[in-house]
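J.: how would this look folded up:
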Amino acid sequence: METFTYRGKTLDFRSITGTVLDTSTRSETHISGGGGGGYIGPKGGHIDDISIRSHNTTLQEFWIKTEDGMEKSVNISGTSIPLRAGQRITLIAAEQKGRNEGWYASVINHNANQFSFICDGASLNNLMKLEVFPKYFLFIGFALWLALAVALRDGGLAAFFAIMTMGIFAINKNLRIKRLISSLNAHIEKVSQPFLQRG
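T.: All right, here's what the predicted structure looks like:
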């Protein structure tokens, strides 16, 4: 299957075809919060507001029997793929060369003649760190400002040049990330297409 190369990093794509034996979907709710502190004394006090946030994550598990007779469990999160027992599917997985981990990128349901993303270009980029902002982006900006301030002996002018430089860098980085995501999505569809046509 055709590989995807980006700036010296290569993604290998492989396929697994089998029949769905069973499928189940569940939702997990994650709750986090903070606040609620304060002080109450003899002369009064205050209590801070409590803030509570929650978000749901969809988890799907299905079992397939591969063409060589092996049974395999597949777990995906963040999305739900319409599947039912007895349907024949092909999973396309992406793996970065030199790393022992991979992710399912798409699934082709042969009975429904349907293609679905499991992990699209944006998700694969985040997982594989092909093109991301530097971890210490703000620190780099501060270091640049400091170096310019020392060199130019003017904090205001140094801030202007540092902001302009980091802004141009951020815009270019964003454009590269968007182009990469678009290319990855196109590649996933391209390697999936022959299986969709195969039926």
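
J.: Output the contacting helices and strands for the lengthiest strand in the chain.
T.: Of all segments of type strand in the chain, defined using DSSP state E, the longest is strand 9-35. Here strand 9-35 touches strand 4-6, strand 50-66, strand 71-77, strand 88-96, helix 121-128, helix 155-198, going by 3 or more Cβ pairs under 8 Å, 6 or more residues apart in numbering; DSSP states H and E. C-beta coordinates here come from the backbone N, C-alpha and C atoms, glycine included.

J.: Now do Ile140: how many residues are near it, please.
T.: Burial of Ile140 is recorded as 16 neighbouring residues (other Cβ atoms under 10 Å).

J.: ok, what's across the strand from Ser27?
T.: Residues in a beta bridge with Ser27, per DSSP bridges, are Thr58.

J.: That one: neighbouring residues, count only.
T.: 9.

J.: doesn't Thr58 make contact with it?
T.: Yes: Ser27 is within contact range of Thr58, at 5.6 Å (criterion: Cβ atoms under 8 Å).

J.: Could you measure from the most centrally placed residue in the chain over to Ala105?
T.: Residue closest to the mean C-alpha point of the chain, counted by Cα atoms, centre = their mean, is Ser123 at 2.2 Å. Distance, Ser123 to Ala105, using Cβ to Cβ, to the nearest Å: 9 Å.

J.: check contacts around Gly78.
T.: Thr57, Thr58, Ser123 (Cβ atoms under 8 Å, 6 or more residues apart in numbering).

J.: Report the lowest-confidence entry in the residues you listed.
T.: By pLDDT, Thr57 ranks lowest within the contacts of Gly78, coming in at 76.

J.: how much space between it and Ala158?
T.: Distance from Thr57 to Ala158, by Cβ to Cβ: 44 Å.

J.: Same question for Lys72.
T.: Counting by Cβ to Cβ, the gap from Lys72 to Ala158 is 58 Å.

J.: higher neighbour count, these two?
T.: More neighbours surround Ala158 than the other of Lys72 and Ala158, with 19 against 13 (other Cβ under 10 Å).

J.: Surely that one touches Gly141?
T.: No: Ala158 lies out of contact with Gly141 (Cβ under 8 Å); the separation is 11.3 Å.

J.: what about this protein, any weak spots by pLDDT?
T.: Confidence mapping of the chain against pLDDT under 70 gives the ranges 28-56, 199.

J.: Spit out the contact partners of Gly156.
T.: Here Gly156 is in contact with no residue (Cβ under 8 Å, 6+ apart).

J.: ok, so what distance separates it from Ile81?
T.: Separation of Gly156 from Ile81 (Cβ to Cβ) stands at 55 Å.
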